[in-house]
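*Asks:* give the three-dimensional model of this entry:
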Amino acid sequence: MDKATLDAMTAFGSIGVMIATFILAMFTAWLAFTTSKMARSTTKLTRQENQQHIDNLRPICVLEPNGYRLDNQFFLVKDPNSSPSNSMVIMNGSIYNKGLGPATHIKTVLRVLDKNKDFEQAIYSGVIQVGEEWPKFTIGNMKNVVPIQIKFEDKYNYTDFSTIDTGAWEIFFEYKDIFGNDYHTKYTKAGKNFFAGSFKGSRPPLEREPAEL
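*Replies:* Alright, predicted model coming up:
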């Protein structure tokens with residue numbers, strides 16, 4: 001075999017190796033892309049399945065006014081035995097879990113809108129199971145009610161408390177599911193009715209008061 005023929009065969013062989021290397025590189029890149037795409041799809045599907053599992057066990061805590069009276073003028077009541085040193089407002093109803101999973105870490109919040117003030121009361125019930133009602137407090141002649149302790153400060157005193165039931169207010173229930181996710185139910189006074197909704201996350205923060213001039 002002469003040198004020219006040998007050089008030609010060597011050249012063709014080098015070209016073949018280059019083509020094979022290119023094809024292998026393209027196949028490797030395609031395989032990496034396909035694997036990455038499959039991994040992303042699997043991760044997305046897993047997240048969706050996890051979220052669906054969480055949603056399937058979501059609690060929803062709502063108000064059950066005593067006597068089914070939706071008139072809020074009969075719902076929020078000042079404790080007649082309240083004093084400047086021990087004041088309490090009473091929600092004339094109970095908390096009912098109408099969701100699909102247990103509710104934990106329950107807390108009630110009374111927001112006095114015209115005073116830009118929140119009053120919180122933790123509910124030491126442990127867990128409210130699905131279809132369960134809480135609490136069983138009796139105050140005076142009022143049964144199955146939810147009390148909220150009112151603590152006075154410089155910008156909120158006993159005089160302000162005297163109109164707490166007739167003023168502008170909102171009620172929040174804050175609670176968690178068994179996975180530790182936060183939820184809240186909001187009730188807003190509107191005339192003689194309640195406007196309500198159940199939301200993911202904690203209650204919205206108070207609006208900041210305007211700076212004093």
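*Asks:* now stretch 115-123: how far from the chain's centre is it?
*Replies:* In terms of CA atoms, centre = their mean, to the nearest Å, the centre of stretch 115-123 is found 17 Å from the chain centre.
*Asks:* which residues in this structure form helices?
*Replies:* 3-55, 158-161 (DSSP state H).
*Asks:* lowest average confidence across those helices, which one?
*Replies:* Least confidently modelled of the helices of the chain is helix 3-55, at a mean of 68 by mean pLDDT.
*Asks:* tell me where the chain has strands.
*Replies:* Taking DSSP state E, the strands of the chain run over residues 61-65, 76-78, 87-91, 93-97, 103-112, 117-122, 127-128, 133-134, 137-139, 142-150, 169-176, 182-190, 193-200.
*Asks:* a markdown table for the ones you listed, including mean pLDDT, distance to residue 207 and mean neighbour count?
*Replies:* Where C-beta positions appear, they are placed from N, C-alpha and C, glycine not excepted. Shown next, in a markdown table, are those (pLDDT from 0 to 100; distance: least, CB to CB, whole Å; neighbours: other CB atoms under 10 Å):
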| stretch | mean pLDDT | distance to residue 207 | mean neighbour count |
| --- | --- | --- | --- |
| strand 61-65 | 86 | 24 | 18 |
| strand 76-78 | 84 | 21 | 18 |
| strand 87-91 | 89 | 22 | 21 |
| strand 93-97 | 89 | 26 | 22 |
| strand 103-112 | 93 | 10 | 20 |
| strand 117-122 | 91 | 11 | 16 |
| strand 127-128 | 90 | 30 | 20 |
| strand 133-134 | 84 | 30 | 18 |
| strand 137-139 | 79 | 31 | 13 |
| strand 142-150 | 86 | 21 | 17 |
| strand 169-176 | 93 | 12 | 22 |
| strand 182-190 | 88 | 14 | 18 |
| strand 193-200 | 80 | 17 | 13 |
